[in-house]
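Chemist: Sequence and predicted structure, then a few things I'm wondering about:
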There are 2 protein chains.
Amino acid sequence: MTFYPSLANLAADIAVFTLVEAELRVLLIRRANPPFQGMWALPGGFVEPHEDAHSAARHELTEETGIPEGSFHLEFVAAYTAPGRDPRNRVASFAYMALVPQVPPTAAGGDAADAALLPVAGVLDGTVPVGFDHRTIIGDALEHARDRLENTTIAAAFCPPEFTVTELRRVYEAVWGTRLDMRNFHRKVTGIEGFLEPTGRKTTRDGGRPAELYRTGEATRLRPPMYRG
Amino acid sequence: MTFYPSLANLAADIAVFTLVEAELRVLLIRRANPPFQGMWALPGGFVEPHEDAHSAARHELTEETGIPEGSFHLEFVAAYTAPGRDPRNRVASFAYMALVPQVPPTAAGGDAADAALLPVAGVLDGTVPVGFDHRTIIGDALEHARDRLENTTIAAAFCPPEFTVTELRRVYEAVWGTRLDMRNFHRKVTGIEGFLEPTGRKTTRDGGRPAELYRTGEATRLRPPMYRG
DNA sequence: GGAATAGTGTCTATTAGACAGTATGGG
DNA sequence: CCCATACTGTCTAATAGACACTATTCC
């Protein structure tokens, strides 16, 4: 016989971050049932017997929120294992963050009004009522994202496939909550080998002089890191 | 009734890192029973119903290896959830790393010879036979430790309460696998506010001119980071 | 032309890294 | 004395940050 010291359900919860008008938002779902009925919670689901936590998070993202495969950056943040964190049973939660350029309207703001992109600032200051330990998870995910923006090129995951330097800068400003000097930022990021690859096309969608459109390059790690103002 | 989509055991596994004669070692235990009988594995245990994974790791460390409370740095590294990673049952493992100045002889190298401090290099190149996915875990833990040495002050966790700059430098060299210029290193770390606090005492245990003994200060984060050669 | 944003040039203060040279113990 | 290690000084190349200036679109 096998000894079962402590059995638990495994769950994957995802903090889907995106930018709406230069403001950082997170996708939340209003709970229809107890516990925490009527409050907001992260999208997520149980890890099935045949998959690992990362696969579970990816399925949740593509199937429940309709965010197309390949258009997001999904990354593990932390694990939450406190015994009472789910009042029903023991649930170990693997928290992921997903960085996406856009959330399909069907997932957030549809007629059902059971899902919404809410400002991260409002969630963290307590304005938005959040169930379970999901406020903590969102805070940890934000801190993780801030660190990763310093040391990797994942900021581009917030942008569409082709984007301008200013659009990239707005990502840093929104996640870090700072203002960056546009001229130094431009010289810095375009000077990093493998970060931004010019497409040769230009756009005027930000107004003013046409801006070069870039794709992401091969580089993933920023050494030395980007500095927060 | 409650729906159980996937039940799992929760385990905490710990990569205990220490330095032996300027070489990075990890504490491993030879398995007495199948599976992987006779091979090496990380110390660890199941997470009990009343505790979370971090507490489980801490208990494991103090009770099983006899490393005294307060003399180590314990930190979460990653979670491993692949369905087949334990051939017996589904086990989700929370991997931690512990940085310690010294492992008590009772834990490693005792008469039982079932535990030993083995070179990390030998584990990673396959010289040491390791069961489960623990080779992967040790590799991930090492990479995590390398990153943390760059960005935090935890290198001092490898040193006794009072230590010299050279002893600290040997930590960086062992974990990073590089050589650092002792003169620049000295000027750099002593110049970081809150990293090293001089005790006023000196030691000649490293030979040569007596070296100042330092305690760790309040700083935990290194900004800008230390650079690997 | 005026307004807006894109992008380049230049200066300065700081610093990582290389390396010379001095200090202070043990043998 | 020699040898080892500790520590300080100095130079250089690179760079983060501040900010002036030019470029190119839309209105």
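Modeler: Great, that's in hand. Numbers count the residues shown, from 1 in each chain, chains lettered A, B, ... in the order given.
Chemist: buried residues in the longest strand seen in chain A?
Modeler: Criterion DSSP state E: the longest strand present in chain A is strand A:7-20. Within strand A:7-20, the residues that qualify as buried are A:7-19, counting by 16 or more other Cβ atoms under 10 Å in any protein chain shown. (Glycine included, C-beta is placed from N, CA and C.)
Chemist: export those residues to TSV and tack on distance to residue B:102?
Modeler: Listed next are the buried residues of strand A:7-20 as TSV, based on distance: Cβ to Cβ, whole Å:
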residue	distance to residue B:102
A:7	37
A:8	35
A:9	40
A:10	36
A:11	39
A:12	39
A:13	39
A:14	42
A:15	40
A:16	45
A:17	43
A:18	48
A:19	49
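Chemist: for the residues you listed, which one is nearest residue B:133?
Modeler: Closest approach to residue B:133 among the buried residues of strand A:7-20 (Cβ to Cβ): residue A:10, at 16.5 Å.
Chemist: Give me the pLDDT for that closest one.
Modeler: With respect to pLDDT, residue A:10 scores 97.
Chemist: Residues in a beta bridge with it, which ones?
Modeler: When assigned by DSSP bridges, residue A:10 has beta-bridge partners residue A:92.
Chemist: Now do the contacts for it.
Modeler: A:46, A:47, A:53, A:56, A:91, A:92, A:94, B:6, B:8, B:81, B:92 (Cβ atoms under 8 Å, 6 or more residues apart in numbering or on different chains).
Chemist: Go again with 7 Å.
Modeler: A:46, A:47, A:53, A:92, B:6, B:8, B:81, B:92 (Cβ atoms under 7 Å, 6 or more residues apart in numbering or on different chains).
Chemist: who wins for most neighbours among those residues?
Modeler: Most neighbours among these, by other Cβ atoms under 10 Å in any protein chain shown: residue A:47, with 29 neighbours.
Chemist: That one and DNA strand C, how far apart?
Modeler: Remark: distance between residue A:47 and DNA strand C (Cβ to the nearest atom of the strand, to the nearest Å) = 42 Å.
Chemist: What of residue A:38?
Modeler: Counting by Cβ to the nearest atom of the strand, the gap from residue A:38 to DNA strand C is 40 Å.
Chemist: So that residue sits against residue A:32, correct?
Modeler: No. Between residue A:38 and residue A:32 there is no contact under Cβ atoms under 7 Å: 8.4 Å.
Chemist: Lowest-confidence one in the contacts of residue A:10?
Modeler: Across those, the smallest pLDDT goes to residue B:6, namely 80.
Chemist: What helix or strand is the spatially closest residue to that residue that is not a sequence neighbour located in?
Modeler: Spatial nearest neighbour of residue B:6, chain neighbours left out: residue A:49 (4.8 Å); criterion: Cβ to Cβ, 6 or more residues apart in numbering or on different chains. Following DSSP states H and E, there is no helix or strand that holds residue A:49.
Chemist: What number of residues are in the vicinity of residue A:49?
Modeler: When neighbours are defined as other Cβ under 10 Å, residue A:49 has 12 of them.
Chemist: And the pLDDT for it?
Modeler: Note for residue A:49: predicted pLDDT of 95.
Chemist: the strands in chain A, which residues?
Modeler: Ranges of strands in chain A, per DSSP E, are A:7-20, A:23-30, A:40-41, A:44-46, A:73-80, A:91-99, A:115-119, A:196-203, A:211-216.
Chemist: Give me the helices and strands touching the last one, please.
Modeler: Meaning strand A:211-216. strand A:196-203 (3 or more Cβ pairs under 7 Å, 6 or more residues apart in numbering or on different chains; DSSP states H and E).
Chemist: Please repeat the previous calculation with a cut-off of 8 Å.
Modeler: On a contact count with 3 or more Cβ pairs under 8 Å, 6 or more residues apart in numbering or on different chains; DSSP states H and E, strand A:211-216 meets helix A:165-176, strand A:196-203.
Chemist: For chain A, which residue gets nearest to DNA strand C?
Modeler: Here chain A gets closest to DNA strand C at one residue, residue A:208, 2.1 Å apart by Cβ to the nearest atom of the strand.
Chemist: angle of the longest strand of chain A against strand A:91-99?
Modeler: Taking axes from the mean of the first three to the mean of the last three Cα atoms, to 10 degrees, one finds strand A:7-20 and strand A:91-99 inclined to each other by 20 degrees.
Chemist: Give me the distance between strand A:7-20 and the centre of its chain.
Modeler: 10 Å (Cα atoms, centre = their mean, to the nearest Å).
Chemist: what does the longest helix belonging to chain A rub up against?
Modeler: Longest among the helix segments of chain A by residue count, using DSSP state H, is helix A:134-151. Identification of contacts with helix A:134-151 by Cβ under 8 Å, 6+ apart yields A:13, A:15, A:17, A:24, A:26, A:40-42, A:75, A:77-78, A:80, A:93, A:95, A:97, A:99, A:120, A:123-124, A:126, A:130, A:154-155, A:171-172, A:175-176, A:221-223, A:225-228.
Chemist: cool, and stretch A:186-200?
Modeler: Stretch A:186-200 has contacts (Cβ under 8 Å, 6+ apart) with A:153, A:156, A:162, A:165, A:168-169, A:212-219, A:222, A:226.
Chemist: ok, 7 Å please
Modeler: Contact with stretch A:186-200 is made by A:153, A:162, A:165, A:168, A:212, A:213, A:214, A:215, A:217, A:218, A:219, A:222, as judged by Cβ under 7 Å, 6+ apart.
Chemist: which residues touch the fourth one?
Modeler: Yep, that's residue A:168 we're talking about. By Cβ under 7 Å, 6+ apart, the contact set of residue A:168 is A:155, A:156, A:159, A:189.
Chemist: just to revisit the earlier point, so which of the helices and strands packed on strand A:211-216 comes closest to DNA strand D?
Modeler: Judged by Cβ to the nearest atom of the strand, the one of these that comes nearest to DNA strand D is strand A:196-203, at 7.0 Å.
Chemist: Residue in chain A with the shortest distance to DNA strand D?
Modeler: Proximity to DNA strand D, evaluated over chain A using Cβ to the nearest atom of the strand, is greatest for residue A:209 at 3.0 Å.
Chemist: Burial check on that residue, number of neighbours?
Modeler: As a burial measure, residue A:209 scores 7 neighbours (other Cβ under 10 Å).
Chemist: cool, residue A:106 as well?
Modeler: Counted with other Cβ under 10 Å, residue A:106 comes out at 12.
Chemist: May I have the residues that are in contact with it?
Modeler: residue A:66.
Chemist: Is it correct that residue A:176 is in contact with residue A:227?
Modeler: No. With contact defined as Cβ under 7 Å, residue A:176 does not count as touching residue A:227 (9.9 Å).
Chemist: Looking at those two now, which is surrounded by more residues?
Modeler: residue A:176 (19 against 12).
Chemist: which residues touch the more buried one?
Modeler: The contact partners of residue A:176, taken as Cβ under 7 Å, 6+ apart, are A:146, A:149, A:228.
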